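Novice: structure for the following, please:
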Amino acid sequence: MNFSELKDFLDEKADVYNSLEFIQDDPIQIPHRFSLKQDVEIAGFLAATISWGNRKSIIKSAEKMLDIMGNSPYDFVMNYSENDLNSIKDKSIHRTFNGEDFAYFIKQFNKIYKENESLENLFLINEDESNFQHSIERFRQNFLGVEKHRTHKHVSSPYKNSSSKRIIMFLRWMTRKDNRGVDFGIWKNIDQKFLSIPLDVHTGNISRKLGLISRTQNDWKTVEELDVIIRKFDETDPAKYDFALFGLGVTKELF
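Specialist: Alright, predicted model coming up:
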């Protein structure tokens with residue numbers, strides 16, 4: 001396919017999969033259970049953080065965290081007791097993300113929300129930046145703090161050449177205004193043109209099959225390689241192509 005044909009093909013697939021049906025089987029259903037901005041952010045960040053492996057398992061594990069928080073994430077984060085945290089630490093949550101990690105996140109959320117109305121403040125893009133690479137790193141420093149903790153591995157770093165797939169996905173949820181009822185678009189001070197594709201095995205393989213990228217690793221350099229082409233397709237809403245690549249991965253129509 002030439003450039004125009006490929007753009008039309010991906011636009012069509014994005015249109016099909018960027019729909020309410022998408023929510024039913026996707027971790028994005030977790031933040032969709034809330035309306036308060038901070039609840040959406042916390043539930044979304046937790047669901048995105050554990051988004052690896054089977055999607056049903058991810059959703060079940062996220063529901064476990066919501067249940068522990070009494071299905072009021074923001075209220076729990078701001079009003080937990082030490083006994084609450086101690087009771088969490090020995091729990092099994094999701095694969096290598098355990099109760100100790102969950103308790104650490106809750107403490108860090110508390111610290112952040114005491115100083116900020118929204119997590120958006122920690123992801124703002126500076127004037128000379130073209131994607132979220134530096135803002136993710138600034139967020140990591142603010143959220144994780146300087147003291148080393150086992151939980152740091154669950155918030156990946158583009159500075160270490162990670163694709164940062166789960167944070168990029170969370171940023172799509174919060175920033176992108178899709179008018180389809182899927183992505184929230186509740187962050188008003190960050191332009192969705194800076195979004196990238198959450199790059200994992202599936203989106204990476206589909207992108208290579210279509211000739212969108214040439215690098216074989218799924219790392220930050222490849223995220224930026226993919227940025228170049230998808231922003232040529234649509235410079236105002238590049239992340240919509242995540243739906244196209246995801247849909248093609250699910251249907252396996254290219255294989």
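Novice: now the biggest helix by length in the chain: buried residues?
Specialist: The helix that spans the most residues within the chain, counting by DSSP state H, is helix 99-115. Buried residues in helix 99-115, counted by 16 or more other C-beta atoms under 10 Å: 99-106, 108-109, 112-113. To be clear about C-beta, it is placed using only N, CA and C from the backbone, and glycine gets the same treatment.
Novice: and of the residues you listed, the nearest to Q24?
Specialist: Nearest to Q24 out of those is F102 (C-beta to C-beta; 25.4 Å).
Novice: hmm, back to that, which other helices and strands does the longest helix of the chain contact?
Specialist: Counting by 3 or more C-beta pairs under 8 Å, 6 or more residues apart in numbering; DSSP states H and E, the packing neighbours recorded for helix 99-115 are helix 37-49, helix 73-79, helix 82-89, helix 133-144.
Novice: strands along this structure, start to end?
Specialist: Ranges of strands in the chain, per DSSP state E: none exist.
Novice: about what we covered before: hmm, who's touching the longest helix of the chain?
Specialist: 38, 42, 45-46, 49, 65, 68, 74, 76-78, 80, 85-86, 88-93, 119, 122, 142-145, 149-151, 154 (C-beta atoms under 8 Å, 6 or more residues apart in numbering).
Novice: so for that helix, mean pLDDT?
Specialist: In this model, helix 99-115 has a mean pLDDT of 94.
Novice: what's the angle from it to helix 37-49?
Specialist: Helix 99-115 and helix 37-49 are oriented at 150 degrees to each other (axes from the mean of the first three to the mean of the last three C-alpha atoms, to 10 degrees).
Novice: that older thread, could I get the buried residues of helix 99-115 as a markdown table with distance to D128?
Specialist: Conversion of these to a markdown table gives the following (distance: C-beta to C-beta, whole Å):
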| residue | distance to D128 |
| --- | --- |
| G99 | 41 |
| E100 | 38 |
| D101 | 34 |
| F102 | 36 |
| A103 | 37 |
| Y104 | 33 |
| F105 | 31 |
| I106 | 34 |
| Q108 | 28 |
| F109 | 29 |
| I112 | 25 |
| Y113 | 29 |
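Novice: correct me if wrong: N189 contacts E120.
Specialist: Yes. Shown here, N189 and E120 form a contact pair, counting by C-beta atoms under 8 Å, at 6.1 Å.
Novice: which of those two has more neighbours?
Specialist: Between N189 and E120, counted using other C-beta atoms under 10 Å, the more crowded position is E120 (18 against 11).
Novice: now do the same contact list for the nearest residue to that one once chain neighbours are set aside.
Specialist: Leaving aside its chain neighbours, E120 sits nearest to W187 (4.2 Å; criterion: C-beta to C-beta, 6 or more residues apart in numbering). With contact taken as C-beta under 8 Å, 6+ apart, W187 is in contact with 118, 120, 123, 174-175.
Novice: out of those residues, which is nearest to V16?
Specialist: Nearest to V16 among the contacts of W187, with distances taken as C-beta to C-beta, is T175, at 22.0 Å.
Novice: next up, the contacts around the closest one.
Specialist: Residues counted as contacts of T175 (C-beta under 8 Å, 6+ apart) are 183, 185, 187, 190-192, 194-195.
Novice: residues contacting D242?
Specialist: Contacts of D242 by C-beta under 8 Å, 6+ apart are 169, 172, 197-198, 203.
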